[in-house]
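# Prediction below, plus the sequence it came from.
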Amino acid sequence: MDTLTVVETFSYLQRIDCLRETKLAQTREKQNLVGPMDHDDHGLILPPQDRREIVQTMSSSGMPIVDCLLKGFSIQSNHPSGGFFGAKACGSNFRRLLESHPPYIDPVSSLAGGYMVNFMSYRKPHWKPEFDFNALRDEIVRYKLLPGIGAAQHFCQDLAIGLRLGWGGILENIQAGRGPTPTKKIFTMDWKTWSVGSRTGSAGRPLKRRKWHKKKPTRL
């Protein structure tokens, strides 16, 4: 007796509808937790409930906000202010954040992973105190400016590099550049630390491509 196996398939439009439904639900959950957001949303996904640390803080643009940090994670400071500055400290702390970051898989999405916290949330202070800008403070107050001093989003990253090379290609370029520039060894080593951490993905485990099934997204 012959048997017939029926496999359910989704069209691209159905996948888009699923992604939109998931994103709307995640945004509603975030709004319920942190309240109104008169600032950039960044598209973040909330961490699992047991990893959430809700704080009142100041955004990198100088706006008071409610923020969600990763419970159990803290940065390593290299400065008396309690902050961290320079390529070495930034690369090391960013890698540690990614290794502590919970993995996220949405079977409908072609992308593995989902960013749950903002690295800038751990940059306190945002600006190295030694770089004085007191000469500008009177004008900042007078004209009620939000100057963006110390705000990383005022630098535009080249996403095409990542799409073209991937983490492996970026790491190869960093390693190749170490030979001709021995005086920049510290700088290239710090970028290697950042790249390896980014490539490793969440919780220190490589994120592998998974087959698509009609299932709910998973936060582990």
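Arrived safely.

# contacts, neighbours, all on C-alpha from now
OK.

# I figured Pro147 hits Glu139, correct?
No - between Pro147 and Glu139 there is no contact under CA atoms under 8 Å: 10.2 Å.

# could you show me where the helices are in the chain, in order?
Ranges of helices within the chain are 12-34, 87-100, 137-142, 159-178, 185-200, based on DSSP state H.

# any idea how far Asn134 lies from Thr9?
62 Å (CA to CA, to the nearest Å).

# hmm, I was thinking of Asp138
Distance, Asp138 to Thr9, by CA to CA: 63 Å.

# Tell me where the chain is predicted with low confidence.
1-2, 4-7, 60-62, 152-157, 180-220 (pLDDT under 70).

# try 50
202-214 (pLDDT under 50).

# Excluding sequence neighbours, find me the nearest residue to Trp119.
Slight slip there: residue 119 is Phe, not Trp. Distance criterion CA to CA, 6 or more residues apart in numbering; nearest residue to Phe119, sequence neighbours excluded, is Phe94 at 7.1 Å.

# ok so, going back, just send the helices of the chain back as TSV, with distance to Lys71 too.
Shown next, in TSV, are these (distance: least, CA to CA, whole Å):
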stretch	distance to Lys71
helix 12-34	16
helix 87-100	10
helix 137-142	35
helix 159-178	27
helix 185-200	19
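
# Can you add distance to Leu44 and mean neighbour count and give those helices back as a markdown table?
Compiled in a markdown table, the helices of the chain are given as follows (distance: least, CA to CA, whole Å; neighbours: other CA atoms under 10 Å):
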| stretch | distance to Leu44 | mean neighbour count |
| --- | --- | --- |
| helix 12-34 | 9 | 13 |
| helix 87-100 | 14 | 21 |
| helix 137-142 | 30 | 10 |
| helix 159-178 | 18 | 14 |
| helix 185-200 | 17 | 20 |
